[in-house]
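# Below is the sequence, then the predicted model.
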Amino acid sequence: MIVVGAGPAGSSAALTCRKAGLAVALIDKARFPRGKLCGGGITGRARGHLDAVFGPVLDPRLFHETRRLRLMAGDREIGALEDTPPLWMTMRQDFDAALLAQAHAAGVEDYSGRRIASLDVETGSAVLTDGQVLRGRVMIGADGVNSGTARALFGRAYDPRRIGFALEAELDAPADAAPRAELDLTAARWGYGWAFPKLHGVTLGIGGQAGRNRDLRPRFDAWLVARGVDPARVVVKGHHLPMGDPRPPPGRGIVLLVGDAAGFVDPITGEGIGWAVRSGQLAAEAAAVALAAAQPEQALARYLDAVAPVQRELSRARFLARVVYHPLLQQRFLNLIAGSPRIQRRFLDLMAGTIDYADLGPAHFARLGWRLVTGRG
Ligand SMILES: Cc1cc2nc3c(=O)[nH]c(=O)nc-3n(C[C@H](O)[C@H](O)[C@H](O)COP(=O)(O)OP(=O)(O)OC[C@H]3O[C@@H](n4cnc5c(N)ncnc54)[C@H](O)[C@@H]3O)c2cc1C
(Lines give C-alpha, C1' and ligand atoms only; values in the text may rest on other atoms or scores of the structure.)
Protein backbone atom coordinates (compact mmCIF):
# COMPACT_ATOMS: atom_id res chain seq x y z
CA MET A 1 0.00 0.00 0.00
CA ILE A 2 1.08 3.56 -0.66
CA VAL A 3 -0.33 6.45 1.31
CA VAL A 4 0.55 9.94 0.07
CA GLY A 5 0.40 12.59 2.83
CA ALA A 6 0.97 12.06 6.56
CA GLY A 7 -1.54 14.45 8.12
CA PRO A 8 -4.37 13.03 10.25
CA ALA A 9 -5.97 11.35 7.21
CA GLY A 10 -2.76 9.70 6.04
CA SER A 11 -1.62 8.56 9.49
CA SER A 12 -5.07 7.13 10.14
CA ALA A 13 -5.10 5.29 6.80
CA ALA A 14 -1.57 3.94 7.23
CA LEU A 15 -2.09 2.78 10.83
CA THR A 16 -5.37 1.08 9.88
CA CYS A 17 -3.60 -0.72 7.01
CA ARG A 18 -0.91 -1.94 9.41
CA LYS A 19 -3.53 -3.20 11.84
CA ALA A 20 -4.91 -5.25 8.92
CA GLY A 21 -1.43 -6.68 8.36
CA LEU A 22 -0.57 -4.78 5.18
CA ALA A 23 2.85 -3.36 4.34
CA VAL A 24 2.48 0.41 3.98
CA ALA A 25 4.75 3.19 2.74
CA LEU A 26 3.64 6.61 4.06
CA ILE A 27 5.12 9.46 2.01
CA ASP A 28 5.14 13.12 3.03
CA LYS A 29 7.14 15.93 1.51
CA ALA A 30 7.56 17.44 4.99
CA ARG A 31 9.68 16.32 7.90
CA PHE A 32 7.73 16.14 11.15
CA PRO A 33 6.99 17.95 13.33
CA ARG A 34 5.74 20.33 10.64
CA GLY A 35 3.33 23.25 10.95
CA LYS A 36 -0.19 23.14 9.52
CA LEU A 37 -2.40 26.19 9.57
CA CYS A 38 -5.46 25.12 11.56
CA GLY A 39 -7.62 26.18 14.50
CA GLY A 40 -6.81 22.80 16.02
CA GLY A 41 -10.33 22.45 17.44
CA ILE A 42 -11.16 18.82 18.15
CA THR A 43 -14.86 18.06 18.67
CA GLY A 44 -16.37 15.11 20.51
CA ARG A 45 -17.12 13.62 17.10
CA ALA A 46 -13.47 13.90 16.05
CA ARG A 47 -12.31 12.53 19.40
CA GLY A 48 -14.45 9.44 18.81
CA HIS A 49 -12.85 8.87 15.39
CA LEU A 50 -9.37 9.43 16.84
CA ASP A 51 -9.98 6.97 19.67
CA ALA A 52 -11.26 4.37 17.18
CA VAL A 53 -8.03 4.45 15.17
CA PHE A 54 -5.30 5.59 17.55
CA GLY A 55 -6.87 4.43 20.85
CA PRO A 56 -7.47 6.76 23.78
CA VAL A 57 -3.71 6.97 24.25
CA LEU A 58 -2.95 10.40 22.85
CA ASP A 59 -0.96 12.41 25.33
CA PRO A 60 -3.43 14.64 27.26
CA ARG A 61 -0.71 17.32 27.28
CA LEU A 62 -1.49 17.86 23.59
CA PHE A 63 -4.88 19.36 24.41
CA HIS A 64 -6.45 22.29 26.18
CA GLU A 65 -10.00 21.39 27.12
CA THR A 66 -12.70 24.02 27.28
CA ARG A 67 -16.39 23.87 28.09
CA ARG A 68 -17.02 27.59 27.84
CA LEU A 69 -18.06 29.12 24.59
CA ARG A 70 -19.20 32.55 23.54
CA LEU A 71 -21.18 33.13 20.37
CA MET A 72 -20.78 36.57 18.85
CA ALA A 73 -22.20 38.52 15.91
CA GLY A 74 -19.54 41.21 15.58
CA ASP A 75 -19.47 43.02 18.91
CA ARG A 76 -22.90 41.69 19.93
CA GLU A 77 -22.90 38.66 22.22
CA ILE A 78 -25.64 36.29 21.11
CA GLY A 79 -24.90 33.46 23.51
CA ALA A 80 -22.58 32.51 26.35
CA LEU A 81 -22.50 28.95 27.57
CA GLU A 82 -20.52 27.74 30.55
CA ASP A 83 -21.14 24.00 30.34
CA THR A 84 -20.85 23.03 26.69
CA PRO A 85 -19.82 19.54 25.66
CA PRO A 86 -16.00 19.53 25.78
CA LEU A 87 -13.94 20.93 22.94
CA TRP A 88 -10.23 20.15 22.82
CA MET A 89 -7.78 22.63 21.33
CA THR A 90 -4.45 21.43 20.04
CA MET A 91 -1.40 22.67 18.12
CA ARG A 92 -1.26 20.77 14.86
CA GLN A 93 2.51 20.67 14.80
CA ASP A 94 2.59 18.45 17.90
CA PHE A 95 -0.70 16.67 17.30
CA ASP A 96 0.13 15.49 13.75
CA ALA A 97 3.60 14.39 14.84
CA ALA A 98 2.06 12.30 17.64
CA LEU A 99 -0.34 10.58 15.22
CA LEU A 100 2.47 9.88 12.77
CA ALA A 101 4.70 8.51 15.54
CA GLN A 102 1.99 5.98 16.37
CA ALA A 103 1.77 4.90 12.74
CA HIS A 104 5.56 4.47 12.58
CA ALA A 105 5.58 2.56 15.88
CA ALA A 106 3.09 0.12 14.33
CA GLY A 107 5.49 -0.59 11.47
CA VAL A 108 4.44 1.89 8.81
CA GLU A 109 7.45 2.60 6.55
CA ASP A 110 8.66 6.16 7.01
CA TYR A 111 8.97 8.21 3.83
CA SER A 112 8.54 11.61 5.47
CA GLY A 113 10.75 14.41 4.20
CA ARG A 114 10.73 12.74 0.78
CA ARG A 115 9.45 14.46 -2.36
CA ILE A 116 7.51 12.83 -5.15
CA ALA A 117 8.81 13.52 -8.66
CA SER A 118 5.92 11.81 -10.42
CA LEU A 119 2.81 9.87 -9.56
CA ASP A 120 1.25 7.24 -11.82
CA VAL A 121 -2.34 6.87 -10.66
CA GLU A 122 -3.05 4.11 -13.19
CA THR A 123 -0.38 1.74 -11.80
CA GLY A 124 -0.32 3.09 -8.21
CA SER A 125 3.35 4.04 -8.29
CA ALA A 126 5.30 7.03 -7.06
CA VAL A 127 8.77 8.01 -8.22
CA LEU A 128 10.63 9.96 -5.54
CA THR A 129 13.02 12.76 -6.45
CA ASP A 130 16.03 10.54 -5.56
CA GLY A 131 14.85 8.02 -8.16
CA GLN A 132 13.38 5.44 -5.76
CA VAL A 133 10.17 3.90 -7.10
CA LEU A 134 7.37 2.81 -4.75
CA ARG A 135 4.49 0.66 -6.01
CA GLY A 136 1.22 -0.14 -4.27
CA ARG A 137 -1.64 -2.37 -5.31
CA VAL A 138 -3.88 0.38 -3.91
CA MET A 139 -2.91 4.03 -3.38
CA ILE A 140 -4.51 6.36 -0.83
CA GLY A 141 -4.28 10.09 -1.56
CA ALA A 142 -4.19 11.97 1.76
CA ASP A 143 -2.21 14.95 0.53
CA GLY A 144 -4.51 17.74 1.66
CA VAL A 145 -6.48 20.49 -0.04
CA ASN A 146 -3.86 21.05 -2.77
CA SER A 147 -3.72 17.31 -3.42
CA GLY A 148 -1.39 16.33 -6.24
CA THR A 149 -3.14 12.95 -6.24
CA ALA A 150 -6.54 14.59 -6.91
CA ARG A 151 -4.89 16.70 -9.63
CA ALA A 152 -3.46 13.57 -11.25
CA LEU A 153 -6.92 11.97 -11.18
CA PHE A 154 -9.19 14.88 -12.10
CA GLY A 155 -6.95 17.64 -13.47
CA ARG A 156 -7.46 19.88 -10.44
CA ALA A 157 -7.33 19.60 -6.67
CA TYR A 158 -10.47 21.61 -5.90
CA ASP A 159 -13.26 23.66 -7.42
CA PRO A 160 -12.15 27.33 -7.26
CA ARG A 161 -15.83 28.43 -7.17
CA ARG A 162 -16.53 26.51 -3.97
CA ILE A 163 -13.24 26.38 -2.12
CA GLY A 164 -12.86 28.08 1.27
CA PHE A 165 -9.99 30.21 2.51
CA ALA A 166 -8.97 31.13 6.05
CA LEU A 167 -6.47 33.41 7.78
CA GLU A 168 -4.97 32.83 11.20
CA ALA A 169 -2.62 34.41 13.71
CA GLU A 170 -1.17 32.87 16.88
CA LEU A 171 -0.91 34.92 20.05
CA ASP A 172 1.45 34.04 22.87
CA ALA A 173 -1.01 34.52 25.67
CA PRO A 174 -1.39 32.06 28.52
CA ALA A 175 -4.55 29.99 28.12
CA ASP A 176 -6.28 31.58 31.07
CA ALA A 177 -6.07 34.97 29.39
CA ALA A 178 -8.72 33.69 26.94
CA PRO A 179 -10.33 30.85 28.84
CA ARG A 180 -13.29 30.36 26.59
CA ALA A 181 -13.57 29.59 22.94
CA GLU A 182 -15.30 32.25 20.91
CA LEU A 183 -17.08 32.06 17.57
CA ASP A 184 -18.05 35.19 15.65
CA LEU A 185 -20.69 34.22 13.12
CA THR A 186 -20.39 37.46 11.14
CA ALA A 187 -16.60 37.76 10.91
CA ALA A 188 -16.56 36.45 7.31
CA ARG A 189 -19.17 35.89 4.60
CA TRP A 190 -20.31 32.25 4.42
CA GLY A 191 -17.94 31.52 7.26
CA TYR A 192 -17.01 32.77 10.71
CA GLY A 193 -14.25 33.85 13.06
CA TRP A 194 -12.75 32.00 16.01
CA ALA A 195 -10.62 32.53 19.06
CA PHE A 196 -9.42 29.16 20.33
CA PRO A 197 -7.53 29.05 23.63
CA LYS A 198 -4.55 26.69 23.59
CA LEU A 199 -2.18 25.52 26.28
CA HIS A 200 0.35 28.23 25.44
CA GLY A 201 -1.59 30.85 23.54
CA VAL A 202 -4.63 31.65 21.47
CA THR A 203 -5.34 31.02 17.80
CA LEU A 204 -7.36 33.77 16.14
CA GLY A 205 -8.78 33.19 12.68
CA ILE A 206 -11.49 33.97 10.17
CA GLY A 207 -12.48 31.97 7.13
CA GLY A 208 -15.25 31.36 4.65
CA GLN A 209 -15.93 30.75 0.98
CA ALA A 210 -13.00 32.24 -0.91
CA GLY A 211 -15.06 33.71 -3.77
CA ARG A 212 -17.29 35.67 -1.37
CA ASN A 213 -14.42 36.94 0.78
CA ARG A 214 -12.03 38.69 -1.59
CA ASP A 215 -11.43 41.30 1.15
CA LEU A 216 -10.58 38.71 3.81
CA ARG A 217 -7.23 40.28 4.77
CA PRO A 218 -8.55 43.79 5.55
CA ARG A 219 -11.52 42.17 7.29
CA PHE A 220 -9.17 40.09 9.42
CA ASP A 221 -7.05 43.12 10.25
CA ALA A 222 -10.15 45.03 11.38
CA TRP A 223 -11.31 42.00 13.38
CA LEU A 224 -7.95 41.78 15.13
CA VAL A 225 -8.00 45.51 15.91
CA ALA A 226 -11.48 45.11 17.44
CA ARG A 227 -9.88 42.52 19.77
CA GLY A 228 -7.09 44.85 20.75
CA VAL A 229 -4.50 43.07 18.57
CA ASP A 230 -2.23 45.10 16.31
CA PRO A 231 -2.14 43.22 12.95
CA ALA A 232 1.35 44.59 12.32
CA ARG A 233 2.66 42.74 15.39
CA VAL A 234 1.42 39.24 14.52
CA VAL A 235 2.24 36.81 11.73
CA VAL A 236 -0.83 36.27 9.56
CA LYS A 237 -0.96 33.12 7.43
CA GLY A 238 -3.58 31.85 5.00
CA HIS A 239 -4.61 28.44 3.69
CA HIS A 240 -7.40 26.98 1.60
CA LEU A 241 -9.89 24.60 3.14
CA PRO A 242 -12.43 22.58 1.17
CA MET A 243 -15.54 23.50 3.18
CA GLY A 244 -18.46 22.31 1.07
CA ASP A 245 -16.29 21.15 -1.83
CA PRO A 246 -16.32 17.33 -1.92
CA ARG A 247 -14.79 15.37 -4.83
CA PRO A 248 -17.45 13.35 -6.61
CA PRO A 249 -16.41 10.53 -6.41
CA PRO A 250 -13.44 10.52 -3.98
CA GLY A 251 -11.20 8.35 -6.12
CA ARG A 252 -10.75 6.51 -9.40
CA GLY A 253 -9.37 3.10 -10.33
CA ILE A 254 -7.04 1.91 -7.57
CA VAL A 255 -6.71 5.36 -5.98
CA LEU A 256 -8.86 6.44 -3.00
CA LEU A 257 -8.93 10.06 -1.77
CA VAL A 258 -9.37 10.86 1.92
CA GLY A 259 -9.51 13.90 4.21
CA ASP A 260 -9.05 17.33 2.61
CA ALA A 261 -7.91 15.68 -0.64
CA ALA A 262 -11.49 14.34 -0.89
CA GLY A 263 -13.02 17.65 0.27
CA PHE A 264 -14.35 16.22 3.54
CA VAL A 265 -14.68 19.45 5.53
CA ASP A 266 -17.87 20.64 7.19
CA PRO A 267 -19.20 23.66 5.24
CA ILE A 268 -20.59 25.34 8.38
CA THR A 269 -17.91 24.72 10.98
CA GLY A 270 -14.83 24.09 8.83
CA GLU A 271 -14.20 20.96 10.89
CA GLY A 272 -12.01 18.54 8.95
CA ILE A 273 -9.73 16.67 11.37
CA GLY A 274 -12.36 14.16 12.48
CA TRP A 275 -13.52 13.48 8.92
CA ALA A 276 -9.89 13.10 7.81
CA VAL A 277 -9.28 10.42 10.44
CA ARG A 278 -12.58 8.67 9.72
CA SER A 279 -12.22 8.67 5.92
CA GLY A 280 -8.60 7.47 6.23
CA GLN A 281 -9.77 4.58 8.36
CA LEU A 282 -12.63 3.69 5.99
CA ALA A 283 -10.41 3.79 2.90
CA ALA A 284 -7.79 1.57 4.55
CA GLU A 285 -10.40 -0.94 5.71
CA ALA A 286 -11.90 -1.06 2.22
CA ALA A 287 -8.46 -1.58 0.69
CA ALA A 288 -7.58 -4.31 3.20
CA VAL A 289 -10.73 -6.30 2.39
CA ALA A 290 -10.22 -5.89 -1.37
CA LEU A 291 -6.56 -6.93 -1.16
CA ALA A 292 -7.39 -9.94 1.02
CA ALA A 293 -9.69 -11.05 -1.81
CA ALA A 294 -6.90 -10.30 -4.34
CA GLN A 295 -9.24 -7.74 -5.95
CA PRO A 296 -7.55 -4.35 -5.56
CA GLU A 297 -9.89 -2.89 -8.18
CA GLN A 298 -12.77 -3.51 -5.72
CA ALA A 299 -11.29 -1.19 -3.07
CA LEU A 300 -12.90 1.96 -4.44
CA ALA A 301 -16.41 0.50 -4.64
CA ARG A 302 -16.10 -0.73 -1.04
CA TYR A 303 -14.80 2.68 0.07
CA LEU A 304 -17.63 4.53 -1.68
CA ASP A 305 -20.17 2.39 0.19
CA ALA A 306 -18.43 2.90 3.52
CA VAL A 307 -17.92 6.65 3.16
CA ALA A 308 -21.45 7.41 1.90
CA PRO A 309 -22.75 8.27 5.43
CA VAL A 310 -19.94 10.86 5.76
CA GLN A 311 -20.90 12.37 2.40
CA ARG A 312 -24.58 12.44 3.40
CA GLU A 313 -23.74 14.21 6.65
CA LEU A 314 -21.69 16.83 4.78
CA SER A 315 -24.43 17.39 2.21
CA ARG A 316 -26.98 17.96 5.03
CA ALA A 317 -24.54 20.52 6.42
CA ARG A 318 -24.31 22.16 2.97
CA PHE A 319 -28.08 22.53 2.97
CA LEU A 320 -28.10 24.06 6.46
CA ALA A 321 -25.20 26.38 5.55
CA ARG A 322 -27.55 28.14 3.12
CA VAL A 323 -29.74 29.06 6.09
CA VAL A 324 -27.00 29.88 8.58
CA TYR A 325 -24.92 31.99 6.19
CA HIS A 326 -27.32 33.30 3.54
CA PRO A 327 -27.20 37.12 3.78
CA LEU A 328 -31.00 37.40 3.51
CA LEU A 329 -31.59 34.92 6.35
CA GLN A 330 -28.56 35.36 8.54
CA GLN A 331 -29.84 38.28 10.63
CA ARG A 332 -32.99 36.35 11.48
CA PHE A 333 -30.96 33.26 12.28
CA LEU A 334 -28.72 35.26 14.63
CA ASN A 335 -31.78 36.78 16.32
CA LEU A 336 -33.22 33.30 16.77
CA ILE A 337 -29.99 32.13 18.40
CA ALA A 338 -29.82 35.21 20.62
CA GLY A 339 -33.43 34.73 21.76
CA SER A 340 -33.40 31.02 22.38
CA PRO A 341 -31.05 29.18 24.76
CA ARG A 342 -32.50 25.96 23.30
CA ILE A 343 -31.35 26.83 19.77
CA GLN A 344 -27.98 27.99 21.14
CA ARG A 345 -27.58 24.64 22.82
CA ARG A 346 -28.60 22.74 19.68
CA PHE A 347 -26.18 24.75 17.55
CA LEU A 348 -23.37 24.11 20.01
CA ASP A 349 -24.21 20.41 20.23
CA LEU A 350 -23.82 20.32 16.45
CA MET A 351 -20.52 22.17 16.55
CA ALA A 352 -19.22 20.05 19.42
CA GLY A 353 -20.24 16.87 17.66
CA THR A 354 -22.64 15.67 20.36
CA ILE A 355 -25.33 15.47 17.69
CA ASP A 356 -25.06 15.00 13.94
CA TYR A 357 -26.88 16.87 11.20
CA ALA A 358 -28.79 13.61 10.67
CA ASP A 359 -30.24 14.04 14.17
CA LEU A 360 -31.93 17.21 12.97
CA GLY A 361 -34.77 15.49 11.16
CA PRO A 362 -37.06 17.10 8.55
CA ALA A 363 -39.30 18.42 11.38
CA HIS A 364 -36.40 20.46 12.78
CA PHE A 365 -35.62 21.92 9.36
CA ALA A 366 -39.30 22.72 8.77
CA ARG A 367 -39.57 24.43 12.20
CA LEU A 368 -36.38 26.39 11.60
CA GLY A 369 -37.62 27.43 8.14
CA TRP A 370 -40.95 28.60 9.61
CA ARG A 371 -39.21 30.62 12.33
CA LEU A 372 -36.91 32.25 9.81
CA VAL A 373 -39.76 33.15 7.48
CA THR A 374 -42.03 34.48 10.24
CA GLY A 375 -39.23 35.88 12.38
CA ARG A 376 -40.83 34.22 15.43
CA GLY A 377 -38.48 32.60 17.95
C1 LIG B 1 -7.17 28.07 8.96
C2 LIG B 1 -7.77 26.72 9.14
C3 LIG B 1 -8.37 26.40 10.34
C4 LIG B 1 -8.91 25.11 10.54
N5 LIG B 1 -9.44 24.79 11.76
C6 LIG B 1 -9.89 23.55 11.98
C7 LIG B 1 -10.34 23.17 13.29
O8 LIG B 1 -10.31 23.96 14.24
N9 LIG B 1 -10.81 21.91 13.46
C10 LIG B 1 -10.83 21.00 12.44
O11 LIG B 1 -11.28 19.87 12.65
N12 LIG B 1 -10.39 21.34 11.20
C13 LIG B 1 -9.90 22.57 10.95
N14 LIG B 1 -9.42 22.89 9.72
C15 LIG B 1 -9.40 21.85 8.67
C16 LIG B 1 -8.25 20.87 8.92
O17 LIG B 1 -7.03 21.60 9.04
C18 LIG B 1 -8.14 19.87 7.76
O19 LIG B 1 -9.43 19.40 7.45
C20 LIG B 1 -7.22 18.70 8.11
O21 LIG B 1 -5.90 19.13 8.29
C22 LIG B 1 -7.27 17.64 7.01
O23 LIG B 1 -6.30 16.64 7.26
P24 LIG B 1 -5.60 15.88 6.05
O25 LIG B 1 -4.76 14.83 6.66
O26 LIG B 1 -6.61 15.50 5.04
O27 LIG B 1 -4.69 16.98 5.33
P28 LIG B 1 -3.42 17.79 5.89
O29 LIG B 1 -3.49 17.92 7.35
O30 LIG B 1 -3.37 19.03 5.07
O31 LIG B 1 -2.18 16.87 5.55
C32 LIG B 1 -1.77 16.67 4.22
C33 LIG B 1 -0.32 16.22 4.22
O34 LIG B 1 0.05 15.92 2.87
C35 LIG B 1 1.38 16.36 2.65
N36 LIG B 1 1.56 16.59 1.21
C37 LIG B 1 0.97 17.53 0.44
N38 LIG B 1 1.40 17.41 -0.83
C39 LIG B 1 2.27 16.37 -0.85
C40 LIG B 1 3.05 15.76 -1.87
N41 LIG B 1 3.03 16.20 -3.14
N42 LIG B 1 3.82 14.73 -1.55
C43 LIG B 1 3.87 14.26 -0.27
N44 LIG B 1 3.16 14.80 0.74
C45 LIG B 1 2.36 15.83 0.45
C46 LIG B 1 1.49 17.64 3.47
O47 LIG B 1 2.85 17.92 3.79
C48 LIG B 1 0.66 17.29 4.71
O49 LIG B 1 1.46 16.76 5.74
C50 LIG B 1 -8.87 24.17 9.48
C51 LIG B 1 -8.27 24.48 8.26
C52 LIG B 1 -7.71 25.76 8.10
C53 LIG B 1 -7.04 26.08 6.79
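That came in fine, so what should we check first? Numbers count the residues shown, from 1 in each chain.

# Before we move on, what's the pLDDT of His364?
His364 is assigned 69 on the pLDDT scale.

# for the one 3 residues further on, same thing?
Reported pLDDT at Arg367 in the predicted model: 71.

# Phe95 and Gly35 touch, don't they?
No. Contact criterion Cβ atoms under 8 Å: Phe95 and Gly35 do not qualify, at 11.2 Å. For glycine as for every other residue, the C-beta is placed from the backbone atoms N, C-alpha and C.

# So the two - more neighbours on which side?
Phe95 (24 against 12; other Cβ atoms under 10 Å).

# In the stretch 1-150 of the chain, what residue lies closest to the ligand?
Gly7 (2.3 Å; Cβ to the nearest ligand atom).

# any idea how far Asp260 is from that residue?
8 Å (Cβ to Cβ, to the nearest Å).

# Report the set of residues contacting both of those two.
Shared contacts of Gly7 and Asp260 (Cβ atoms under 8 Å, 6 or more residues apart in numbering): Gly144, Ala276.

# what does the stretch 51-200 of the chain have sitting close to the ligand?
Ile116, Ala142, Asp143, Gly144, Gly148, Ala166, Glu168 (Cβ under 6 Å from any ligand atom).

# same thing but 8 Å
Residues of the stretch 51-200 of the chain found near the ligand (Cβ under 8 Å from any ligand atom) are 89, 92, 96, 114-116, 119, 142-149, 164-168, 194, 196.

# again with the stretch 251-377 of the chain
258-262, 264-266, 269-276, 279-280.

# What's the ChimeraX line that selects buried ones from the residues you listed?
Only the buried entries of these go into this ChimeraX selection, using 16 or more other Cβ atoms under 10 Å:
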select :258,259,260,261,262,264,265,266,269,270,271,272,273,274,275,276,279,280
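
# Nearest residue to the spatially most central residue of the chain in space, ignoring adjacent ones along the chain?
For the chain, Gly272 is the residue whose C-alpha lies nearest the centre (Cα atoms, centre = their mean; 1.2 Å). Nearest residue to Gly272, sequence neighbours excluded (Cβ to Cβ, 6 or more residues apart in numbering): Val265, at 3.9 Å.

# how far away is that neighbour from Leu58?
Taking Cβ to Cβ, one finds Val265 at 21 Å from Leu58.

# Would you indicate which residues of the host helix or strand of Asp221 are buried?
Remark: Asp221 resides in helix 216-226, with elements defined by DSSP states H and E. Buried residues in helix 216-226, counting neighbours by 16+ other Cβ under 10 Å, are found at Leu216, Arg219, Phe220, Asp221, Trp223, Leu224.

# Can you read off the pLDDT for the second one?
Yep, that's Arg219 we're talking about. pLDDT, Arg219: 98.

# May I see the domains of the chain written out as residue ranges?
Listed by automatic domain parsing, the domain ranges of the chain are 2-65+88-160+247-315, 164-241, 318-374.

# circling back: show me what contacts the residue nearest to the centre of the chain?
Leu241, Pro242, Met243, Gly259, Asp260, Phe264, Val265, Asp266.

# returning to that earlier point: among the domains of the chain, which is the most enclosed?
Here the criterion is mean neighbour count by mean count of other Cβ atoms under 10 Å, and of the domains of the chain the winner is domain 2-65+88-160+247-315, at a mean of 21.

# Contacts made by the helix or strand hosting Cys17 with the rest, please.
Assessed by DSSP H and E, Cys17 sits inside helix 8-19. By Cβ under 8 Å, 6+ apart, the surrounding residues in contact with helix 8-19 are 1, 3-4, 6, 24, 26, 28, 49, 53-54, 95-96, 99-100, 102-103, 106-108, 140, 142-143, 258-261, 273, 276-281, 283-285, 287-288.

# quick one: it to chain centroid distance?
Mean-position distance between helix 8-19 and its chain equals 16 Å (Cα atoms, centre = their mean, to the nearest Å).

# same thing with stretch 310-326?
15 Å.

# quick one: average confidence on it?
Here the average pLDDT along stretch 310-326 is 90.
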